[in-house]
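[1] Attaching a predicted model along with its sequence, questions to come.
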Amino acid sequence: MSYLDVYFSRINHMGDTTAERIRNGGIRSFEKWKAESPHTVRDLSVERGIYFDGIILTSKDKEYEKIMFLNVSNNIPLLIGDIMNWKLDDGNIEKWILVQEEKKVNGTYKTFWIIRCNYLLKWVDGDGHVQQSWSYFVSSLDSKIKGNFRTWHSLITPQPNKYAEILMPRYPINRSTNFIVEEEAWTVVEYDHTSVPGVIYISLTEDKINSIYDDVKNNLAETDRITQYDLSIPSLIQSFNINEIIQPKFTLTANGAPSDEPVVLITTNKSIARNINGQLTAIANGTVDIIVQLVNHPEIQKIIQIQVGGEKEFSAYIEGKAAIRLGCKNEYILKGTSDLSIESFTGFTLEATKLAKIEKINITNCSCIIKANEDNELGKIILHAMYNNIDYAKEIEVIPLWR
C-alpha cells in the first residue's frame, strides 16, 4: 500500500492490514444492522448498572420461547451470569439470564444465549443472611433445562422421582440448602458451578414444609437460621469534646454472641458532628442524634444521643449475650462510658422467675454468671444492675439447646 492508501485507510478506520479491514468492516456492518433491524431492543440493562442496545433473535414466538439470542457490540462488557432487564411495550420488565457466549472467528460482535427468568428465589446462606436472585426454575414436569443446558455441557446429576432444576447466577450455595417455591419445599442435592463460570446449575429434590420455620407466604425456608442481630446502647447521653472522634459505646451481638459485623455512624446534624477523613468528629457544642447502622443490614439500626461540649454525663449498660440456652451459663458485665467505681456498684438482680438464676456475682469487675433452668422452661428474663442508685436493665431470652 502507498503512503496515501495507508493514510486514508487509517482516517476512515478501515485498518492497516487485510484482517483489520475485514474485522472493522464487520463491526460497521453490525452497527448498521443494529441501527436498522426491527429486532433491535433499546434501553436494555443488566443489574450491575450497564445500559445498552442489542438485537434479540429467536426462531419462535417470544411469548412462548424461553431461549433467545442477544447480539451486542464488542465494547459492551457483559458477563455470563448477568441478569438482564428487558422493558416491554406494556411497561413490564422481564428478567433474562446470560448463560452462554458464542465464540466468533472475527469477533465483530458478541452473541449470548439468554433464558427468561421465571422466579425470584430467596434463601438463607451459610452466614445466616437472606439472599435472593432471579433464576430459571423448572420442575420435572417441564424440564427445558434438562433438554438444553445439561445436554450442552454433559452434566450428570442424580435425579429423584420428583425433582426440580435451577439455573441462576453463581452464588455460594451449599448442599442441603432449602427453598420454598410456590408453596412447595425443595432441597439441594447437587450443583455444578464449574462447567460454565458465572452461573450455577442446581438439582433439587422435593422436601416437606416445616410449618414452624418455613415462611411459605414470603417463599423463604429455614427462617430459624437467620442471624438475629441485637444492638444494645446506654440509656443516657454520651458526651464528647470538640474535635474528638465520636466513638459511642454500644454492644452488637449476633445470635447472642459478640459480633464484628461492620457498622456505620450517621449524623443527623452536620453542624455538630461531621464525617472528616472517614471518621465521625465532633465540631461544635450541642446535642445530636447519631444513627448506628449495620452496613450489610441497614434495616438494623439504633439512635444514640450524643452531647458535644460541657460536662460529660455518665451512662452504663449491661454487656452480654441476648439469649441463653437451657442449662447453660452466660457472663454479663456492667460497662460504663467511663471507669466504674466499685463503691457505687450495688450488684445484680433478676426479676422473680423460674427461668434462670444468678450463680455468682463478681463485685470487682461488675459481672455476674447466669444459669438457665434445665426444666425446658422457655421465655424472657430481665437482669438488673444497680449503679450509683440508677437501675440498668437487659432483657435476656431463654432458648432451647438446638437454637
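    Cool, the structure landed. Numbering: from 1, shown residues only.

[2] How about the contacts made by the residue nearest the centre of the chain?
    Centroid-nearest residue in the chain, with Cα atoms, centre = their mean: Gln131, separated by 5.3 Å. Neighbour list for Gln131: Lys122, Trp123, Val124, Asp125, Tyr171 [criterion: Cβ atoms under 8 Å, 6 or more residues apart in numbering]. For glycine as for every other residue, the C-beta is placed from the backbone atoms N, C-alpha and C.

[3] Report the contact partners of Asn373.
    Leu326, Gly327, Lys354, Leu355, Ala356, Lys357, Val398.

[4] Span of stretch 248-268 from start to end?
    15 Å (Cα to Cα, to the nearest Å).

[5] ok, then the element right after the helix or strand containing Ile318?
    Assigned by DSSP states H and E, Ile318 falls within strand 316-319. Where DSSP H and E defines the elements, the next helix or strand beyond strand 316-319 is strand 323-325.

[6] ok, that next one: who's next to it in the sheet?
    As defined by DSSP bridges, the strand partners of strand 323-325 come to strand 390-399 (parallel).

[7] What does Thr223 show for phi and psi?
    phi -70, psi -20 (degrees, to the nearest 10).

[8] Bridged to the residue nearest to the centre of the chain, which residues?
    Trp123.

[9] if I look at it, how far off is Thr187?
    16 Å (Cβ to Cβ, to the nearest Å).

[10] Make a PyMOL selection of whichever of the contacts of Asn373 turn out to be buried.
    Only the buried members of these enter the following PyMOL selection, criterion being 16 or more other Cβ atoms under 10 Å:
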select buried, resi 326+355+356+398
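
[11] export the contacts of Asn373 to JSON lines and tack on distance to Ile237?
    Shown next, in JSON lines, are the contacts of Asn373 (distance: Cβ to Cβ, whole Å):
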{"residue": "Leu326", "distance to Ile237": "38"}
{"residue": "Gly327", "distance to Ile237": "39"}
{"residue": "Lys354", "distance to Ile237": "37"}
{"residue": "Leu355", "distance to Ile237": "33"}
{"residue": "Ala356", "distance to Ile237": "31"}
{"residue": "Lys357", "distance to Ile237": "34"}
{"residue": "Val398", "distance to Ile237": "32"}
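
[12] Where does pLDDT dip in the stretch 101-250 of the chain?
    105-106, 140-161, 235 (pLDDT under 70).

[13] could you pull out the helices for it?
    Taking DSSP state H, counting those that start in this stretch, the helices of the stretch 101-250 of the chain run over residues 144-147, 149-152.

[14] Correct me if wrong, but Gln343 is in a helix.
    Rather than Gln, residue 343 is Glu. Yes - assessed with DSSP: H, G, I helix; E, B strand; the rest coil, Glu343 lies in a helix.

[15] Name all residues that make contact with it.
    Per Cβ under 8 Å, 6+ apart, neighbours of Glu343: none.
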